[in-house]
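Asks: I'll drop the sequence and a predicted model, then ask my questions.
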Amino acid sequence: MKHDVIVALDFPSAQEVYGFLDQFREEKPFVKIGMELFYAEGPEIVRQIKARGHQIFLDLKLHDIPNTVKSAMRVLSRLDVDMVNLHAAGTIDMMKAALEGLTRPDGTRPMLLAVTQLTSTSEERMQRELLISATMPETVRKYAQNAREAGLDGVVCSPLEAAMVHEACGADFATVTPGIRFADSAADDQRRVMTPEKARLGGSDYIVVGRPITRAEDPVAAYRRCVREFIG
């Protein structure tokens, strides 16, 4: 399984994104386009960033009835992205429909990932507010197994759960893990976090890093540090 650092482009406008990416003169980081940027700029921001030579994780976390998700994935399949995702809580049927919609007539498609539980969600809040009585590891394991059964390529999970997911679903089942912070960084609104080095040792295949890079005094140096700690 390939390992890579994905930089979360959590900016409100294309202008800020281009200003950030222009700092990278030697590297072409794998980047994540999330809801804030996509809703502000639309599909054109995907095309422009792809034209710059970046791999793209389109992080829109679809969650709806199977037919709606299938139709939405069919539209997203026309964008030249490398990863897309949805919520595993939408059921196996929804995930199967998404996979069908995402697959192009020639059989190609981006990687499709299922979000297990957000890294901002603690076990206590999950149980109290979402009425999920299982533990966090049990829930993540089951959601990952459902995604595997549906034919997906992997899950988005906490780095704390990556090894468990591989144990349950196999080494070829990708783990994409946000909630990454340097040892000397603030946790911000994340609850289940890990350093890049510990994430690598813990079984993460891809790590998603936002504020520790995008808000760093020197984003390029922070990115290189992250790559060095995660990939070596």
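Replies: Received it, and whenever you're ready, just let me know what you need. Numbering: from 1, shown residues only.
Asks: Break down this protein into its helices, ranges please.
Replies: Remark: helices assigned in the chain by DSSP state H are 14-21, 35-41, 43-51, 66-76, 92-102, 123-129, 136-150, 162-169, 196-202, 211-214, 219-230.
Asks: I'd like those as CSV, with mean neighbour count and distance to L58 appended.
Replies: All C-beta spots, glycine's among them, are computed from the backbone N, C-alpha and C. CSV is the format used below for the helices of the chain (neighbours: other C-beta atoms under 10 Å; distance: least, C-beta to C-beta, whole Å):
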stretch, mean neighbour count, distance to L58
helix 14-21, 16, 14
helix 35-41, 15, 7
helix 43-51, 15, 7
helix 66-76, 17, 7
helix 92-102, 21, 11
helix 123-129, 13, 26
helix 136-150, 20, 17
helix 162-169, 20, 21
helix 196-202, 19, 22
helix 211-214, 20, 18
helix 219-230, 18, 20
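Asks: Could you export these to a markdown table, including columns for mean pLDDT?
Replies: Below are those laid out as a markdown table (pLDDT from 0 to 100):
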| stretch | mean pLDDT |
| --- | --- |
| helix 14-21 | 98 |
| helix 35-41 | 97 |
| helix 43-51 | 98 |
| helix 66-76 | 98 |
| helix 92-102 | 98 |
| helix 123-129 | 96 |
| helix 136-150 | 97 |
| helix 162-169 | 98 |
| helix 196-202 | 95 |
| helix 211-214 | 96 |
| helix 219-230 | 97 |
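Asks: In a markdown table: these, plus distance to M83.
Replies: Below are the helices of the chain laid out as a markdown table (distance: least, C-beta to C-beta, whole Å):
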| stretch | distance to M83 |
| --- | --- |
| helix 14-21 | 18 |
| helix 35-41 | 14 |
| helix 43-51 | 12 |
| helix 66-76 | 11 |
| helix 92-102 | 11 |
| helix 123-129 | 25 |
| helix 136-150 | 14 |
| helix 162-169 | 16 |
| helix 196-202 | 17 |
| helix 211-214 | 18 |
| helix 219-230 | 17 |
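Asks: which outside residues touch stretch 41-57?
Replies: 4, 6, 9, 13-14, 17-18, 21, 28-33, 37-38, 58, 79-85, 176, 208 (C-beta atoms under 8 Å, 6 or more residues apart in numbering).
Asks: what's the straight distance from one end of it to the other?
Replies: 16 Å (C-alpha to C-alpha, to the nearest Å).
Asks: Noted, bye for now.
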